[in-house]
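Participant: when you get a sec, could you give me coordinates for this:
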Amino acid sequence: MNTVTYGVYTTARQNCSYVLEYDDALQNLQAIIFLVRCPILSRSIVCVMRVQIPTLSCVAFVCCPHAPDLDRLRDSCKASHVLLRASPLGLLALIYEQRGLDYEGWVTRVALESHEIEVFMRMSPPGWTYHRLSPSRYKELSDTDRLLSRLQSTDIEICHGHSIMTFAVRFGKFCTEALDVIEGKPGVPKLAPGARAMVEDRIRFSISRCLSVRERFEELTHRHRGQINASFSLIAQKDSKVNQAMAGIGVDVARVTALDSRTMKTIGVLTLIFLPSSLVTSLWQANIFHLSEDTNGKVYAGTTVAVTAAVFFCWWLYMRLFEKPLEQYSYPLPQTPAPDPVPSSALFTHVRFGEAQSPS
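Facilitator: Modelled structure (predicted):
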């Protein structure tokens, strides 16, 4: 196994090429080795085919990590044995045809996922056939974190699909050119017109299918960009509603706090009213002052009123002298400069409903 053949098994990228094998004297062409690697996600079909010159007898080695893909390819070879006998490149045509079917199923699945997101966001235009979402699927898309993760993974898959389909179109052109490469070598008999047409027709049809799949991936790219923008807008709206709800809760808390403060202030005022009278009553009950019965009531009432007034005066004096007014913590707003006056000779244009009118 030469270096180029070994590279097609070790590389992780798509590949389609051929190698010319000469004799020891490097004069006569002995064989053409075709190296093909057709990927789709993590399922790549690798084919190394050696075509003997000039007998066109060939031997091919095909491998794939996905066993069902090999089984389908084996069934296709059994059903198309006439194509394999017509040309040694019939095997490449069958591989290309099978990959085209896989690409078509791939883009259909991605388009269905994208359509589900559009239905969830109500982005589908009227007249389109809607795909009804299951309750579990609707609940999954309602989760913001899962929705963003799903959008990101789908975007990566669409970008990867566009790259793969670009290679698929190039691989179809490579298969067509391979027919000319084999027939153009000296000593190689030309294929019968019917045999060449049999191979070219299947390759041409697969190229057309891959082109339509690539166009669909391009369409999904633009649609998916709109979905991502719409999802961020919906998330921003949801956050705005949450902030509005939190602001409403803050207003309610402030209202309750204000009512609580008013209640505490009322309790404080009542305390200032009745605490001096309670103090005077305690002193009077201690029999510290010995007054006559005629003057006792008058002195008690006057003392109570005087002490209560003194307490309220001290409270007012504390509010005036020891508490800083709120104006000390206010800062002046920056003054914006006035715009430059517009000269009277300037011409203004008033635009209204698409018409421009100049004032007379």
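Participant: switch to C-alpha atoms for all contacts and neighbour counts from now on
Facilitator: Noted.
Participant: what ranges does the protein have for its strands?
Facilitator: Assignment of strands within the chain using DSSP state E yields the ranges 15-22, 29-40, 43-52, 58-63, 350-352, 355-357.
Participant: got the ones you listed as a markdown table, with mean pLDDT, distance to Val110 and mean neighbour count columns?
Facilitator: Shown next, in a markdown table, are these (pLDDT from 0 to 100; distance: least, CA to CA, whole Å; neighbours: other CA atoms under 10 Å):
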| stretch | mean pLDDT | distance to Val110 | mean neighbour count |
| --- | --- | --- | --- |
| strand 15-22 | 88 | 24 | 16 |
| strand 29-40 | 89 | 13 | 20 |
| strand 43-52 | 89 | 17 | 20 |
| strand 58-63 | 90 | 27 | 13 |
| strand 350-352 | 37 | 46 | 9 |
| strand 355-357 | 41 | 46 | 10 |
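Participant: any chance of the ones you listed in CSV, with distance to Thr108 too?
Facilitator: Shown next, in CSV, are the strands of the chain (distance: least, CA to CA, whole Å):
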stretch, distance to Thr108
strand 15-22, 25
strand 29-40, 14
strand 43-52, 17
strand 58-63, 26
strand 350-352, 48
strand 355-357, 48
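Participant: so, low pLDDT: which residues of the stretch 201-350 of the chain?
Facilitator: The model of the stretch 201-350 of the chain has pLDDT under 70 over residues 289-294, 322-350.
Participant: which residues of the stretch 51-200 of the chain fall in helices?
Facilitator: Assigned by DSSP state H, counting those that start in this stretch, the helices in the stretch 51-200 of the chain fall at 67-79, 81-86, 90-121, 135-142, 144-183, 193-285.
Participant: report the buried residues of the fourth one.
Facilitator: Of all the residues in helix 135-142, those buried under the rule 16 or more other CA atoms under 10 Å are Leu141.
Participant: packing partners for it?
Facilitator: The helices and strands touching helix 135-142, judged by 3 or more CA pairs under 8 Å, 6 or more residues apart in numbering; DSSP states H and E, are helix 90-121, helix 144-183.
Participant: ok now it, how far from the chain's centre?
Facilitator: Distance of helix 135-142 from its chain centroid, counting by CA atoms, centre = their mean, to the nearest Å, is 17 Å.
Participant: what angle separates it from helix 90-121?
Facilitator: Helix 135-142 runs at 80 degrees relative to helix 90-121, counting by axes from the mean of the first three to the mean of the last three CA atoms, to 10 degrees.
Participant: the first one now?
Facilitator: Taking the same axes, to 10 degrees, helix 67-79 and helix 90-121 form an angle of 130 degrees between their directions.
Participant: off-centre distance for helix 67-79?
Facilitator: Counting by CA atoms, centre = their mean, helix 67-79 is centred 38 Å from the centre of its parent chain.
Participant: could you look over the helices of the stretch 51-200 of the chain and pick the most buried one?
Facilitator: When you average the neighbours per residue for each of the helices of the stretch 51-200 of the chain (mean count of other CA atoms under 10 Å), helix 90-121 leads with a mean of 19.
Participant: what helices or strands is that one leaning on?
Facilitator: On a contact count with 3+ CA pairs under 8 Å, 6+ apart, helix 90-121 meets strand 29-40, helix 67-79, helix 81-86, helix 135-142, helix 144-183, helix 193-285.
Participant: so which of those is nearest Cys58?
Facilitator: Closest approach to Cys58 among the helices and strands packed on helix 90-121 (CA to CA): strand 29-40, 9.0 Å.
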